[in-house]
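K.L.:
here is the input, now give the coordinates:
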Amino acid sequence: MKILIDPMLAVLARDLPTEDKAELLMCILEYPTRDCELGLWKYMKKQIDIDAQKYREKCERIAASRQKKSDLKSTLKSEMESDLFSAVSKEESKNNIYKENGNSNESVRGNAGGSVENPVDNFFISPDFSIDDLCVRLPKLSAYLATYLPAVVERAQKTLIKKRQGQWLTLAEILDWIQQESVFYKQNHGGV
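P.N.:
Have a look, this model is predicted:
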């Protein structure tokens, strides 16, 4: 634990005998295991304890906030996946009806051309790929992405295009990519 000491205490300690100054210094260095009867130390110890309590409370608030944010992301992700599953089921049943009536709807175009068995569940990563386009197609995605920094989402889009271009990815794979980009961003920007 860091101990912050008010520099004005040096003025108060100036008139103390050398032995008391040494005792005061040892109390500071060995806090909280060492104690002494100096009045200045009792005052300093009280301030240190108050500051330590404030620091613990701040850490707890930050941890609770992070947990709440993590829970929100998990909830939004699971809601989106369940909505996506129901949309896929509806699309499959619609395709089955078309097939029964003699119409073929197997080759439906995705967001960048090319055929795919299920355009609702798969997204083609092309130079034109845009996470904003996904948000238009899946409105709940915007609320989920709002839990990330815009720089993270932008970088995730760029790296997806660079590293996964020409591939079909599911929404879950894209969301995992954004999550990994967020972890990378935090590691390289001091946990921001």
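K.L.:
and the helix or strand where K158 lies, what other elements does it pack with?
P.N.:
Assigned by DSSP states H and E, K158 falls within helix 150-164. Counting contacts by 3 or more CB pairs under 8 Å, 6 or more residues apart in numbering; DSSP states H and E, helix 150-164 packs against helix 131-137, helix 171-188. All C-beta spots, glycine's among them, are computed from the backbone N, C-alpha and C.
K.L.:
would you mark the buried spots in that helix?
P.N.:
152-153, 155-157, 160, 164 (16 or more other CB atoms under 10 Å).
K.L.:
so for stretch 63-82, mean pLDDT?
P.N.:
Average pLDDT, stretch 63-82: 80.
K.L.:
outside of it, which residues touch it?
P.N.:
138, 140-141, 143-144, 147, 171-172, 175 (CB atoms under 8 Å, 6 or more residues apart in numbering).
K.L.:
pull out the buried residues from these.
P.N.:
Buried members of the contacts of stretch 63-82, counted by 16+ other CB under 10 Å: 138, 141, 144, 171, 175.
K.L.:
which single one of the residues you listed is nearest to E60?
P.N.:
Using CB to CB, Y144 comes nearest to E60 of the buried ones among the contacts of stretch 63-82, at 26.4 Å.
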